[in-house]
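Asks: Need a 3D model of the sequence below.
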Amino acid sequence: QVASKSDLPGLCSALGVRTPATAVPESMDDLISFGNTATFPLIVKSRESFSLRLSPQASATGVLWSMADLERYAERFDPTIPVVVQEYVPEEDRQNLIYQGLRCSHSDLIVSFTGTKLRDYPVGAGETTLSMSQTQNRLRTTCERLLEGLDYRGVCDIDVLVDRRDDSLRLIDFNPRFGA
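Replies: As a prediction, this is how the structure comes out:
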């Protein structure tokens, strides 16, 4: 469930961990309805991290900067291709953080690392290509509260951003594997 971009916001919300506002559109109307209440820009992502479907809508992450962009996207929206749409915090308004951890079935946390994501590809919405290990106590506390609440066991790579507009942490991705 944690790797599912459609399930993750609900899991996080139940444990008091913020995520960007997210929609799982099933129709063009769902897309437009979300656009009418969301704060632009928005980002469109593949719904399932491990989806092998190849499609222009599902295989690439894309930013919709305005309602006009969303309407253009909606015109070619295919409800059979699983995507999520989230509010996107522009690069100048965020700091990207990373958390890597390991929890085992016979004990609590074994090890964790925190740091800052310095570069990604595609730029602004992709996989980490350069990061720096840094102590991030608020990030560590938030992620470990989430892991404990989920009773999660195994390795994890969690992407979180600091929204500089309100200094909030927002979990944006949870990978049940070690990251870059």
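Asks: Please go through this structure and pick out the longest helix.
Replies: Using DSSP state H to define each element, the chain has its longest helix at helix 137-150.
Asks: next structured bit after that one?
Replies: Where DSSP states H and E defines the elements, the next helix or strand beyond helix 137-150 is strand 154-163.
Asks: Quick check: which ranges of this protein have low pLDDT?
Replies: Within the chain, the segments meeting pLDDT under 70 span 1, 3, 48-61, 106-107, 109, 124-125, 180.
Asks: In it, what residue spans correspond to strands?
Replies: 22-23, 42-46, 62-64, 83-87, 94-103, 109-121, 127-133, 154-163, 168-175 (DSSP state E).
Asks: Ala14 is nearest to which of those?
Replies: Nearest to Ala14, of all the strands of the chain, is strand 168-175, at 12.6 Å by CB to CB. The way it works is simple: take the backbone N, C-alpha and C, and place the C-beta from them, glycine included.
Asks: Which positions in the closest one come out as buried?
Replies: Across strand 168-175, burial judged by 16 or more other CB atoms under 10 Å covers Leu169, Arg170, Leu171, Ile172, Asp173, Phe174, Asn175.
Asks: and the fourth one, what is it in contact with?
Replies: So that's Ile172. Counting by CB atoms under 8 Å, 6 or more residues apart in numbering, Ile172 touches Thr19, Pro20, Gln86, Asp159, Val160, Leu161.
Asks: on that earlier part again, CSV please, covering the buried residues of strand 168-175 and showing distance to Thr141.
Replies: Shown next, in CSV, are the buried residues of strand 168-175 (distance: CB to CB, whole Å):
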residue, distance to Thr141
Leu169, 10
Arg170, 15
Leu171, 13
Ile172, 18
Asp173, 19
Phe174, 16
Asn175, 20
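Asks: CA atoms only: put the longest helix of the chain into PDB for me.
Replies: Extracted C-alpha coordinates of helix 137-150, given in PDB (Å, rounded to 0.1, in the frame of the first residue of the first chain):
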ATOM      1  CA  ASN A 137      15.500  15.800  13.100                       C
ATOM      2  CA  ARG A 138      12.000  17.000  12.200                       C
ATOM      3  CA  LEU A 139      12.100  14.700   9.100                       C
ATOM      4  CA  ARG A 140      13.400  11.800  11.100                       C
ATOM      5  CA  THR A 141      10.700  12.200  13.700                       C
ATOM      6  CA  THR A 142       7.900  12.500  11.100                       C
ATOM      7  CA  CYS A 143       9.100   9.400   9.100                       C
ATOM      8  CA  GLU A 144       9.700   7.200  12.100                       C
ATOM      9  CA  ARG A 145       6.200   8.100  13.500                       C
ATOM     10  CA  LEU A 146       4.800   7.000  10.100                       C
ATOM     11  CA  LEU A 147       6.800   3.800  10.000                       C
ATOM     12  CA  GLU A 148       5.700   2.900  13.600                       C
ATOM     13  CA  GLY A 149       2.100   3.800  12.800                       C
ATOM     14  CA  LEU A 150       2.100   1.600   9.800                       C
END
